[in-house]
Each structure stands twice: as structure tokens, then as C-alpha cells.
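Chemist: sequence and computational prediction follow.
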Amino acid sequence: MASSSIFNGCRRVVLIACGSFNPPTVMHMRMFECARDYLQQDLGVTVVEGIFSPAADNYAKPDLAKATHRLRMCELVAKDSGWLRADGWECSQKKWTRSLAVLQHHLPLLREKYGGSGDGDDLALVLLCGGDVVDSFPVITPNGEHLWNPRDVQSIAGDFGLIVFDRASSKPRETLEGMNLAHLIDNTVHFTSDVAFPNDVSSTNLRKAIRAGRSIKYCTPDPVCDYIKEQKLYL
């Protein structure tokens, strides 16, 4: 069993996933489940909580439902979990918030919430994301700017930690190696996949299905399907 020193000596971990969740899917739920299994069974750390953190309304993405809807759908997804929850801080901001700022906001609150031994720093906040997100780290936008601030990526991967969930056609290991971050792999950056239920369900495809009048049942929990129908989202 690997030492829990992979997360700076922390024996307890909170997982947080940032994104649009437009809408949340079973894949998002499985990301959390598989990451928790990996951390607890393979790395010997305890996962105390998992957080859905939907992005604010000005997050530049097509067909983005209002933050109030996306937060409510995440709440419905997490309702019966026992360890997952949705948090509205990020989506309540008036402007798009970088993931590093989200992590920096939550970590002191979580350490206060859960306490700790000694100086109270025995709890780590780790970013959970798909391999496609890691592949976006080095992307340069049309205006010549970095999509992700390179210093943010270094801090997220090195100071907080990353659990990367396998996604079709993504090559996150190669991406990190190309960014000179290979030394963090198997230290503060770890990879996991869904052995029990491999799937590539995407929010984009769910929205397309809804517009086409197709069923999305079993792609997301029934309460989310009902909410989308009631609120007439994505039509």
C-alpha cells in the first residue's frame, strides 16, 4: 500500500470536481466513486467528502443552463449519496473563477470543518477531473493566451493534487510529461478508471438527445431527468 505522504502527509482527502455539470451525468457520479475506491483501497487515505462545484453563469460554454438549475441538479445527484454534496460558492460568483481559486477558497473552510491533529493540516483537498481536462492544460486560445495559467496548473497538481479519470481519446500522462510535470505522477497526480462500468456519457450528448426528443433515462438519475423536463431545459 502506498504511503499517504503522496498528499503532503495528509491521511484524509476531500475530492472536488469543477465544471459546468450541464447536466450532471452518471459518469460524473462514477468519477467520484472510482476515485474514492482508488484512494482508499490503493493509497490508504480516507475520503471524507466529495464536492460538485458548478461554474458560474459567465463560463463560456454553449447551451449553458442557469447556475441555479445546474446547482439544483447537482444537489439532486448528491442527495442520497451520504458523502457527496453540491456547493454553490463558485456558481454564485459574478465572474468565472479559476479552479485554483476554488481550491484556495475551500481548503481552509474544510480544515476548519473537519479539524485535525496537531496543526490541523492533515486534510487535503484534491481536484478530480477527466483526462480531457488535463489535455486542455497546455491549450493556447485564439488570442494567444493560455487557457490555463501554467502557474495555476503547477500549484493544482503539485500543492493540492489531482485524481485524473480516464476519458476516451485523452492522453493526460503524455500531456503532463510535455509540461515537465512527469515528476508529480504517482506522487500528487494519480490516474483511475471505471473497471465496473466503463462509459463515456457526456453532458453534450445528453443535451443533443433532449433537443431531439430522445430519452436520457439511466444517463443521469431520475430526479435530474424529471427536473430537466419540469424546467424545460435544453430544448
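Modeler: Perfect, I can see it now.
Chemist: how close does the closest residue to residue 221 other than its chain neighbours sit to residue 188?
Modeler: Counting by CB to CB, 6 or more residues apart in numbering, residue 77 is the residue found nearest to residue 221 once chain neighbours are left out, at 5.8 Å. For every residue, glycine as well, the C-beta is placed using N, CA and C. According to CB to CB, to the nearest Å, residue 77 and residue 188 sit 27 Å apart.
Chemist: can you pull the contacts of the residue nearest to residue 221?
Modeler: Residue 77 makes contact with 24, 28-29, 52, 84, 86, 220-221, 223-224 under the criterion CB atoms under 8 Å, 6 or more residues apart in numbering.
Chemist: go through these and single out the one with the most neighbours.
Modeler: residue 52 (29 neighbours; other CB atoms under 10 Å).
Chemist: my assumption is that it lies in a strand; please confirm.
Modeler: Yes. Looking at residue 52 with DSSP: H, G, I helix; E, B strand; the rest coil, it is inside a strand.
Chemist: would you check that it makes contact with residue 23?
Modeler: No. Using CB atoms under 8 Å, residue 52 makes no contact with residue 23, being 11.4 Å away.
Chemist: hang on, residue 15 in a strand?
Modeler: Yes. Assessed with three-state DSSP, residue 15 lies in a strand.
Chemist: that one pairs with what?
Modeler: Legend: beta-bridge partners of residue 15 under DSSP bridges are residue 50, residue 126.
Chemist: what number of residues lie near the spatially closest residue to residue 100 that is not a sequence neighbour?
Modeler: Distances taken as CB to CB, 6+ apart place residue 152 nearest to residue 100, at 4.2 Å, with adjacent residues excluded. Using other CB under 10 Å, residue 152 is surrounded by 16 other residues.
Chemist: who's in contact with residue 152?
Modeler: With contact taken as CB under 8 Å, 6+ apart, residue 152 is in contact with 98-100.
Chemist: where's it, which helix or strand?
Modeler: helix 150-155 (DSSP states H and E).
Chemist: any buried residues in that helix, and which?
Modeler: Buried residues in helix 150-155, counted by 16 or more other CB atoms under 10 Å: 152-153.
Chemist: near residue 218, how many other residues are there?
Modeler: Neighbour tally, residue 218, other CB under 10 Å: 10.
Chemist: for residue 87, same thing?
Modeler: Residue 87 has 20 neighbouring residues, counting by other CB under 10 Å.
Chemist: any idea how far residue 48 is from residue 115?
Modeler: 11 Å.
Chemist: quick revisit: what about the contacts of residue 77, which are in strands?
Modeler: 52, 84, 86 (DSSP state E).
Chemist: surely residue 87 meets residue 53?
Modeler: Yes. Here residue 87 reaches residue 53: they are 5.3 Å apart, a contact under CB under 8 Å.
Chemist: what touches both of those two?
Modeler: residue 106.
Chemist: who has more neighbours out of residue 115 and residue 48?
Modeler: Neighbour tally, residue 115 and residue 48, criterion other CB under 10 Å: the higher count belongs to residue 48, 15 against 9.
Chemist: poorly predicted segments of the chain, please.
Modeler: 1-6, 116-120 (pLDDT under 70).
Chemist: let me see the ranges of the strands in it.
Modeler: Secondary structure of the chain by DSSP E: the strands cover 12-19, 46-54, 84-86, 123-130, 162-165, 189-192.
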